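> Next comes the sequence, and after it the predicted model I'd like to discuss.
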Amino acid sequence: MLRAVHTAATGMEAMQTNLDNVANNLANVNTTAYKKSNAEFQDLYYQTIREPGSQVSADAVSPTGVQVGVGVKTASVHKNFEQGAAKTTGEPLDLLIDGDGFFTVTKENGEPAYTRDGSFKVDAQGRMMSSSGLLISPAITVPPGTASVSIAPTGLVEAKDSEGRTNQIGQIELVNFINPAGLKSVGGNLYQISDASGAPAQGNPGTAGLGMIAQGKLEASNVNVVNEMVNMIQAQRAYEFNSKVMQAADQMLQVSNNVLK
């Protein structure tokens, strides 16, 4: 019975993690370029009372063993980088990556970070940056007197002045990773590299497997509300079932104690 209590406790803890993950997905259903997280679980070690195939008599072996598991653990909570739907905004500096890849921005401490949130702005000096004020890398500056900015699917950035003259002012580059799910989420729609993600491979949009750029659009969250609601109900029910197991084990312990008295 004590083992049942421990096993049920691991189940409740795992379902709490599952519900926390579902809550975060639903909270970010309208976050630009948010990637939903999926929780995965594994069973824990087993107490082996009898090995499968062990000798049970002089001329026979057991076709099965006796192994009792002791619960579950959270094996992984990883990002699903399936592309979200396109939202048309009409803003010239709103960029969507149609395909694989990430924009590179530079954090305040000089370290690079990566994002699929293409809602860019310009500051008082014309420098192109993210909504949170992080400069895009390579740096792009919109010159004074610019009437409009056009960004080609290949990332070429051109500025047109009031007299209709067009000048190339920069090139947007994208990066990709061998294992994007291994990136470390740091908040603010940003990711950083880890030993699991591998090093970034940089290139122009449309080359080396990188996606193309769509101007005037943003990527929506890839959270499916219906699926998350189903996951929430499943987690809630599993949590309740494990709590019932703890209650049943406690009642059985009480019976055992009463017998021994």
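Thanks, I have it.
> show me where this structure has helices.
Ranges of helices in the chain, per DSSP state H, are 2-27, 225-260.
> worst average pLDDT in those helices?
Ranked by mean pLDDT, the helices of the chain bottom out at helix 225-260, which scores a mean of 89.
> what's that helix packed up against?
helix 2-27 (3 or more CB pairs under 8 Å, 6 or more residues apart in numbering; DSSP states H and E). In short, each C-beta sits where N, CA and C put it, glycine included.
> got the buried residues for the helix it packs on?
Neighbour-count burial for helix 2-27 flags 4-5, 7-8, 10-15, 17-19, 21-22, 25 (criterion: 16 or more other CB atoms under 10 Å).
> Lowest mean pLDDT among the helices and strands of this protein, which one is it?
Within the chain, no helix or strand scores below strand 55-57, which has a mean of 76 by mean pLDDT, DSSP states H and E.
> Quick one: the helices of the chain as CSV, columns for distance to residue 200 too.
CSV is the format used below for the helices of the chain (distance: least, CB to CB, whole Å):
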stretch, distance to residue 200
helix 2-27, 26
helix 225-260, 30
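> pLDDT score for residue 96?
98.
> surely it meets residue 205?
No. Using CB atoms under 8 Å, residue 96 makes no contact with residue 205, being 10.8 Å away.
> ok, those two, which is more surrounded?
Between residue 96 and residue 205, counting by other CB atoms under 10 Å, residue 96 is the more crowded of the two (28 against 25).
> Tell me where the stretch 101-250 of the chain has strands.
With DSSP state E, counting those that start in this stretch as the criterion, the stretch 101-250 of the chain has strands at 103-106, 112-115, 121-122, 128-129, 135-137, 146-151, 156-161, 166-171, 174-176, 184-187, 190-192, 201-203, 212-215, 217-219.
> hmm, who's touching the third one?
Going back to what we said before, that points to strand 121-122. 93, 128, 129, 130, 131, 142 (CB atoms under 8 Å, 6 or more residues apart in numbering).
> how far away is the fifth one from residue 50?
Okay, so that is residue 131. Between residue 131 and residue 50 the distance is 61 Å, computed by CB to CB, to the nearest Å.
> Then the second one?
Counting by CB to CB, the gap between residue 128 and residue 50 amounts to 68 Å.
> Neighbour count: these two, which is higher?
With neighbours defined as other CB under 10 Å, residue 128 and residue 50 compare such that residue 128 has more, 24 against 12.
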